[in-house]
Every structure is written in C-alpha cells, then in structure tokens.
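S.K.: quick one: sequence and predicted model below, then my questions.
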Amino acid sequence: MSKVSGRVVLITGAARGIGAQTARELARRGARLALVGLEPAELAALADELGEGHFWAEVDVTDPDSIAAAVSGAVARLGGIDVVIANAGIAPIGTVRTTDPRAFTRTIDVNLNGIFHTTRATLPQLIERRGYLLVVSSLSAFAPIGGMAAYAASKAGADALASALRAELAHLGVAVGSAHPSWIDTDMVRDVASDLRSFHAMRRRLPWPMRATTSVEDCSRAFADAVERRARRVYVPRSIMLMHWLRNLPSSRLVERLMKPTLRRLIPQMEQEVANLGRSLSERQQKLQG
C-alpha cells in the first residue's frame, strides 16, 4: 500500500500542468486531494475526473484571506491536511531592462509570497499531523539565465524559504522539501517558447543538463515519490542534482565566455520580441493575473 493512501494533499496551482498531473498521480496512489488555483472550471473538471472524496476551491495565493478560506474549506470537507505542495507559479518573459515592472513584482508575489501565505495558512494542520511541505522551486534557483531574472529571483527565494522552514519546523515533526524541476513540458513553458523564438534558441544552446526537457508525467511521479519519502530535495530530471553541486558553474567566467556570443545576439532579439508582443506575461498568464 502506498504511504500516501488515505492522506490529504493540498496542491496550489492545481488547475493544469505539474499541479494537475501530480494530483492525478497522488490520487492513483490513494491520496485525497484539495485542489486550489485560479481556474475554477479546470479545478472542478479535475476533481470530477479524480472521482469522489476530493475538494477544490478558487484561490489567489497572494491573498492570505483567500488561501485561509480554502484551507478551512478543505479541512471541513476532508478532515485535515497531511501534505502541502506549494506549486503555484508564473514566469514572465523579457530582460530587466525591458520587462513590465508590474510583471516582475507580480512574479515575486505569486512565486515567493504565495508560498509564505500557503505555508502560514496550512501550518497548524501540518504541525498537528506531523506532515510534509514540498516547496516547488526550480533549476533556476541555482542556475539562472538571462531573460528570466524575475523567475530566477523568485525561485531562489523559494529555495531559501524552504531551507529556513526546514530548520524552523523540524522539532515540530514537520518535514520540508524543495523541488527543482528543469524544463517541464507544460503550457507555461510552451507559451514562452511560442512567444519568443530567441528564448527557444537560447535554451537549445545551454549546456547539458540545463537544456533537458522532461514530460509532465515523469515530473509528477518524481513529486509523488518525494511526498512518499518526505524528501529533502527532489530534482527533475535527476541529472539536475549535478547543477546543484556545481551551482557556481553557470555564473562562472568559463560559462560566461562560452555563452557570450549567443547572448550578445539573442538578448537584443529577445528584448525586441517582447517589445513587439507588448506584454511581459504569456496571454494565458496575463488573463489569469488580471
């Protein structure tokens, strides 16, 4: 029997992508899901797909009252919360010089402050049940690249927050892990590649394993395995572990020299493409963020 069978798992950003597929994988292993996010129709459809015994709520993780209400609803419906996967996130496009300041600020608010609000709202349950919190960070936390400053900064902050929480909660029986996926084949990644030819070209020039792409199914299995193990860190794919050990390599003079000709050509191209688009978020993310 799976270690998550009968356990209640709350997932933020559960409407699509990694969040939705991880919910499917955990439900297959017998977990009961509390699905929260910004797309009520998709959340309701996913809950129906998973069958009886699950819960969903429309939530803005940047609003502490919103997440607190959803947590209360999940506890009332499912009896408690054993595991939290803080997965909600957005990814703006463009350089610091050209990005919309509101998109940069919103990215930090969703990707970092959203984890704080989610954690604060669910901590009483996690402490009571000696539960597990998985913070979804990224390869970008320790291998940032040009054109992704807001995303990389937010994910580095998420990684640091997870480490601090691990130290703060260990004596209370709560385990904390951080997840570091590379490029996962999701709507968010495909949207950016579709919007920016320069970004797609830059990705192809990154050294292995930084350019690897993983299916959302493989990522969800890695996340579900991490929940079962109460893992300290999870890397998707596993080769990303190498980049964590060599975390100073991406910003080294060697890599800088290797990438300089590519960046000299592609960064101006990216800035022009963003200017032509007239936005810093993909159309889907811009609609969701209002």
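M.R.: Arrived safely, thanks for sending. This is a predicted model, so every value here is computed, not measured.
S.K.: state whether Thr62 is indeed within a helix.
M.R.: No - counting by DSSP: H, G, I helix; E, B strand; the rest coil, Thr62 is not part of a helix but coil.
S.K.: next, count neighbours for it.
M.R.: Around Thr62 there are 19 other residues, counting by other C-beta atoms under 10 Å. All C-beta spots, glycine's among them, are computed from the backbone N, C-alpha and C.
S.K.: so what's it closest to, chain neighbours aside?
M.R.: Distance criterion C-beta to C-beta, 6 or more residues apart in numbering; nearest residue to Thr62, sequence neighbours excluded, is Asp109 at 4.7 Å.
S.K.: ok, now Ala226?
M.R.: Excluding the flanking residues, the one nearest Ala226 by C-beta to C-beta, 6+ apart is Val234, at 4.0 Å.
S.K.: distance of Ala170 relative to Arg232?
M.R.: Using C-beta to C-beta, to the nearest Å, Ala170 is found at 11 Å from Arg232.
S.K.: number of nearby residues for the residue nearest to Thr62?
M.R.: Asp109 has 18 nearby residues by other C-beta under 10 Å.
S.K.: which SS state does it fall under?
M.R.: Asp109 ends up helix, using three-state DSSP.
S.K.: which parts of the stretch 101-250 of the chain are strands?
M.R.: Using DSSP state E, counting those that start in this stretch, the strands of the stretch 101-250 of the chain run over 132-136, 175-181, 183-184, 213-214, 233-236.
S.K.: so what's the model's average confidence on the fourth one?
M.R.: The one in question is strand 213-214. Across strand 213-214, the average pLDDT comes to 78.
S.K.: contacts only, for Gly177.
M.R.: Contact partners of Gly177, counting by C-beta atoms under 8 Å, 6 or more residues apart in numbering, are 132-135, 162, 226, 230-234.
S.K.: how about 7 Å then?
M.R.: Residues near Gly177 by C-beta atoms under 7 Å, 6 or more residues apart in numbering: 134, 226, 230-234.
S.K.: out of those residues, which are buried?
M.R.: Buried residues within the contacts of Gly177, defined by neighbour count using 16 or more other C-beta atoms under 10 Å: 134, 226, 230-231, 233-234.
S.K.: would you mind giving these as a markdown table with pLDDT added?
M.R.: Formatted as a markdown table, the buried ones among the contacts of Gly177 follow (pLDDT from 0 to 100):
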| residue | pLDDT |
| --- | --- |
| Leu134 | 98 |
| Ala226 | 98 |
| Arg230 | 98 |
| Ala231 | 97 |
| Arg233 | 95 |
| Val234 | 95 |
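S.K.: which of the residues you listed lies closest to Ala23?
M.R.: Leu134 (13.0 Å; C-beta to C-beta).
S.K.: tell me who's in contact with that closest one.
M.R.: Contacts of Leu134 by C-beta under 7 Å, 6+ apart are 85, 177, 179, 223, 226-227.
S.K.: closest one of these to Ala153?
M.R.: Of the contacts of Leu134, the one sitting nearest to Ala153 (C-beta to C-beta) turns out to be Ala179, at 17.6 Å.
S.K.: show me where the stretch 101-250 of the chain has its helices.
M.R.: All helices of the stretch 101-250 of the chain, identified by DSSP state H, counting those that start in this stretch, fall at 101-108, 114-128, 149-169, 187-195, 197-205, 216-229, 240-245.
S.K.: counting contacts, what elements does the longest one pack onto?
M.R.: This means helix 149-169. Helices and strands touching helix 149-169, by 3 or more C-beta pairs under 7 Å, 6 or more residues apart in numbering; DSSP states H and E, are helix 101-108, helix 114-128, strand 132-136, strand 175-181.
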